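K.L.:
I would like to see how this sequence folds:
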Amino acid sequence: MRISTNTIYQSGTNRLMDLQNDLSKLQEQISSGKKVRSPADDPVAAARVLELTNAQNMNNTYTETRKVAKTSLETYESSLTSITNVIQDIQSSLVNAGNGSYTNDQRQIIANELQTRLDTLVGLSNTKDSQGNYMYSGYQTETAPFDTSTGSVVFQGDSSKRALQVDVRRQMQVTYTGDQVFQANGNDLFATLQDTINLLNTPITDDASQQAFSSGLADSITKMQGSLNQVLSVRADLGSKLNELDTLDTTGSDMDLQYQTSISNLQDLDYTEALSDLAKKSTILEAAQKSYVQTSQLSLFSFL
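P.N.:
Numbers count the residues shown, from 1 in each chain. Sure, this is the predicted structure:
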């Protein structure tokens, strides 16, 4: 079979172009530090890198969402800590009010103190977060949860709670409502406190009024403990969620490292190996170029 001179030249040219393309591709990989820069470089690896990158981005999204969740829960923790302190102060005042030697005037002084604490609790219950939203109003974030315009403390929010997706399999409620904190389980903190203030302002004039006072005070103490227990229950739930978020953060950090490692193994260039390949390919290209030049200079006259 006869092979034409043109075929020989074309074959040599194609060979040189292939070698030059391989060398250029390797030089670009060294320059970028990536062995997979596009799907054409390695379709399977590129698809896997895309999959891992998407998973890593979603993991990072959950990380940012957990930061929002923590901020919300920590804001509630600060508020609930203040509420706890006020309730415990009220309990101390109620114990003092039971002192049998106190006069009506002294009990009235305690009533005035409790009125101040009631006002404080209403203020705390109408706390806004850093975004200017009422914390305990449920979805009615622009409406103060508790209103006192009628002379009593009335809840005007709703029972809805905001939830955030803090992990692929975990949606967490990160808000608490006024009725949940202040009016749960039949214990209305504000009503109990107002009834107690009225009780302390009622003079004791005889045995019957003394008995009514003692019975009413005991009832107030019991209900106040119930209100405190509810606040502490909410705080326990809150603390459990903060601990869970810390655990999810640790897991998320571990996952992020795994994603980075896997992506790097698929995509990043081994410089030692690449530089060795560069030297080899450069040598092969140089030899091929010399061979091509020598072949192209041959003609029939070389044999005459």
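
K.L.:
can you give me every residue that contacts Ile204?
P.N.:
By CB atoms under 8 Å, 6 or more residues apart in numbering, the contact set of Ile204 is 104, 107, 210, 213. (Glycine included, C-beta is placed from N, CA and C.)

K.L.:
any idea how far Glu113 is from the second one?
P.N.:
So the one you mean is Arg107. 11 Å (CB to CB, to the nearest Å).

K.L.:
which one's more surrounded, these two?
P.N.:
Arg107 (22 against 17; other CB atoms under 10 Å).

K.L.:
and the more buried one, what helix or strand is that in?
P.N.:
Take DSSP states H and E as the rule and Arg107 turns out to sit in helix 104-125.

K.L.:
buried sites along that helix?
P.N.:
107-108, 110-111, 113-114, 117-118, 120-122, 124-125 (16 or more other CB atoms under 10 Å).

K.L.:
repeat that for stretch 139-159.
P.N.:
So for stretch 139-159, counting by 16+ other CB under 10 Å, buried means 140-141, 144-146, 153, 155, 157.

K.L.:
what's that stretch in contact with?
P.N.:
Defining contact as CB under 8 Å, 6+ apart, one finds that stretch 139-159 is touched by 118, 122, 125-126, 133-138, 160, 162, 177-180, 182-183, 190-191, 194.

K.L.:
that one: end-to-end distance?
P.N.:
Start and end residues of stretch 139-159 are separated by 8 Å (CA to CA, to the nearest Å).

K.L.:
off-centre distance for that stretch?
P.N.:
What separates the centre of stretch 139-159 from the centre of its chain is 29 Å, taken as CA atoms, centre = their mean, to the nearest Å.

K.L.:
over to stretch 254-268?
P.N.:
23 Å.

K.L.:
likewise for stretch 66-74?
P.N.:
Per CA atoms, centre = their mean, the centroid offset for stretch 66-74 relative to its chain is 6 Å.

K.L.:
with stretch 236-254 instead?
P.N.:
That offset, for stretch 236-254, works out to 9 Å (CA atoms, centre = their mean).

K.L.:
then stretch 120-131?
P.N.:
Relative to the mean C-alpha coordinate of its chain, stretch 120-131 is positioned 23 Å out (CA atoms, centre = their mean).

K.L.:
for stretch 129-139, give the mean pLDDT please.
P.N.:
Stretch 129-139 comes out with an average pLDDT of 95.

K.L.:
send me the helix holding Arg107 as PDB with only the CA atoms.
P.N.:
C-alpha atoms of helix 104-125 as PDB (Å, rounded to 0.1, in the frame of the first residue of the first chain):
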ATOM      1  CA  ASN A 104     -52.700  47.600 106.200                       C
ATOM      2  CA  ASP A 105     -50.300  50.400 105.300                       C
ATOM      3  CA  GLN A 106     -47.300  48.100 105.100                       C
ATOM      4  CA  ARG A 107     -49.300  45.700 102.900                       C
ATOM      5  CA  GLN A 108     -50.300  48.600 100.700                       C
ATOM      6  CA  ILE A 109     -46.600  49.500 100.300                       C
ATOM      7  CA  ILE A 110     -46.000  46.000  99.000                       C
ATOM      8  CA  ALA A 111     -49.000  46.400  96.700                       C
ATOM      9  CA  ASN A 112     -47.400  49.500  95.200                       C
ATOM     10  CA  GLU A 113     -44.100  47.600  94.700                       C
ATOM     11  CA  LEU A 114     -46.000  44.800  93.000                       C
ATOM     12  CA  GLN A 115     -47.700  47.300  90.700                       C
ATOM     13  CA  THR A 116     -44.300  48.600  89.600                       C
ATOM     14  CA  ARG A 117     -43.200  45.000  88.900                       C
ATOM     15  CA  LEU A 118     -46.400  44.400  87.000                       C
ATOM     16  CA  ASP A 119     -45.600  47.400  84.800                       C
ATOM     17  CA  THR A 120     -42.100  46.000  84.400                       C
ATOM     18  CA  LEU A 121     -43.400  42.600  83.300                       C
ATOM     19  CA  VAL A 122     -45.800  44.200  80.800                       C
ATOM     20  CA  GLY A 123     -42.900  46.100  79.400                       C
ATOM     21  CA  LEU A 124     -40.800  43.000  79.100                       C
ATOM     22  CA  SER A 125     -43.600  41.100  77.500                       C
END
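
K.L.:
thank you, goodbye.
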